[in-house]
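Q: Pasting the sequence and the predicted coordinates here, then a few questions.
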Amino acid sequence: MKINRVKTKNYSILIGENSLSKLKSEVKSLCPKCRKIAIIFDRNIPNKFLVKIKKNLKKYKVFVFYIKSSEKVKNLNKISYFINKLLQLNFNRSDLVIGVGGGIVGDMSGFISSIYKRGINFINLPSTLLSQVDSCIGGKTGINSNYGKNLIGSFYNPKIVISETKFLKSLPKREIVCGYAEVLKHSIIKDKNFFNFLKKNTKKILSLENKTLTTSIKKSCQIKLNFTEKDFKEKNFRMILNFGHTFAHALEIQNKYSNRLNHGEAVLVGMIIATRISKYKKICSTNTLFQIEKIFQENLLLKSLKKYLNKNEILKSIKFMANDKKKDDEKINLIFLKKIGQTTLPGKHKFKISQIRDLINKLF
């Protein structure tokens with residue numbers, strides 16, 4: 001099966017079945033002075049993948065650190081633990097950290113790499129659909145605080161990203177839907193043709209039909225890169241990627257990052273809220289809202305999420321928007337939809353929390 005290579009300004013993304021076989025040659029090429037490798041490995045991933053990774057790296061001194069992936073471990077205490085381990089093992093900047101897991105492991109591994117001795121080599125092996133189409137792209141790293149999600153972090157690019165699609169076969173259906181949420185978001189904000197492709201092929205993606213899946217991952221990466229490469233440090237244009245996320249992050253905090261509502265599910269809910277407000281404010285048409293709600297209905301994307309589209313649930317979460325890291329004043333910056341493939345610009349629509357409450361009270 002062909003391995004796709006998407007090139008960015010600073011690194012490549014390999015996508016496809018058996019792309020993991022390229023790890024050995026990529027480490028040799030990108031980290032020529034590397035002697036030690038720290039693998040931060042999500043315990044949820046089948047051990048056969050770790051065996052394969054270690055086999056590819058047998059010429060190096062490899063240390064494996066396991067982590068039980070959860071938003072609750074994405075904190076400064078856990079970062080300090082890993083930093084101390086690297087210091088005890090005398091890792092140099094020419095050595096390497098490899099994160100193997102979903103977005104949580106990628107965010108943490110990238111953050112550790114960015115601050116350890118002011119920057120150590122980092123390779124990302126995203127193992128979930130969500131991380132392969134979203135968090136592995138754009139150089140964002142981050143951890144959570146009591147005040148909100150990803151409020152502590154840095155921008156730091158990996159040497160390479162390897163998106164092995166065989167990882168995805170071990171995921172429950174709920175995790176695939178979680179990743180699909182970001183695929184759908186990318187089509188909604190940037191590419192009507194891709195949205196039409198998803199209308200026809202969503203069921204194939206959710207069942208992991210390989211060719212359609214790889215095509216969708218590649219297209220999603222290209223769309224996200226269109227934003228991140230023009231605005232690496234998220235000063236303005238990149239904020240368009242935040243469509244639906246302001247509501248999503250607030251709902252996640254309201255639910256204490258519990259398993260009741262994962263990130264992708266929160267994004268699905270957030271996109272519906274943002275689109276309904278867009279239609280209410282006559283920014284998009286009734287037909288645009290209809291097209292989006294139809295793709296949700298036909299693929300049962302909101303089947304278990306209706307309780308989060310409840311007015312009281314949304315209102316309870318709104319207070320957490322006050323700490324949104326993308327706001328630059330006392331108002332909340334919301335991205336609305338004009339039509340499939342085009343959003344409003346960042347900074348165009350800013351609201352006080354009281355105004356957002358009023359909108360929700362009128363809409364739900």
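A: Sure, I can see it. Residues are numbered from 1 along each chain as shown.

Q: Would you map out the domains in the protein?
A: The record assigns the chain these domain ranges, following automatic domain parsing: 4-170, 173-363.

Q: Tabulate those domains (CSV), appending mean neighbour count.
A: Glycine gets a C-beta too; all of them are placed from N, C-alpha and C. CSV is the format used below for the domains of the chain (neighbours: other CB atoms under 10 Å):
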stretch, mean neighbour count
domain 4-170, 19
domain 173-363, 18
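
Q: With mean pLDDT added, can I get the ones you listed in CSV?
A: Converted to CSV, the domains of the chain look like this (pLDDT from 0 to 100):
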stretch, mean pLDDT
domain 4-170, 95
domain 173-363, 93
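
Q: Isn't Asn310 up against Leu363?
A: No. With contact defined as CB atoms under 8 Å, Asn310 does not reach Leu363; the gap is 11.9 Å.

Q: Distance from the strand or helix carrying Arg357 to the middle of the chain?
A: Arg357 belongs to helix 353-363 when assigned by DSSP states H and E. Relative to the centre of its chain, helix 353-363 is centred 28 Å away, using CA atoms, centre = their mean, to the nearest Å.

Q: Mind listing residues that contact that helix?
A: Applying CB atoms under 8 Å, 6 or more residues apart in numbering, the external contacts of helix 353-363 come out as 273, 276-277, 280, 311, 314-315, 318-319, 321-322, 332, 334, 351.

Q: May I have that helix as CSV, with CA atoms only?
A: C-alpha atoms of helix 353-363 as CSV (Å, rounded to 0.1, in the frame of the first residue of the first chain):
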residue,chain,number,x,y,z
ILE,A,353,-20.4,36.1,28.3
SER,A,354,-23.8,37.7,29.2
GLN,A,355,-24.5,38.2,25.4
ILE,A,356,-23.7,34.5,24.7
ARG,A,357,-26.1,33.5,27.5
ASP,A,358,-28.8,35.6,25.8
LEU,A,359,-28.1,33.9,22.4
ILE,A,360,-28.4,30.5,24.0
ASN,A,361,-31.6,31.4,25.8
LYS,A,362,-33.1,32.5,22.5
LEU,A,363,-32.0,29.5,20.5
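
Q: ok, the residue most central in space within the chain - contacts?
A: By CA atoms, centre = their mean, the chain has its centre lying nearest to Ser135, at 3.1 Å. Residues near Ser135 by CB under 8 Å, 6+ apart: Gly102, Gly103, Gly106, Asp107, Pro126.

Q: which residues in the chain form strands?
A: Taking DSSP state E, the strands of the chain run over residues 4-7, 12-16, 36-42, 61-67, 96-101, 121-126, 140-145, 148-155, 160-164, 332-333, 337-339, 342-343, 350-351.
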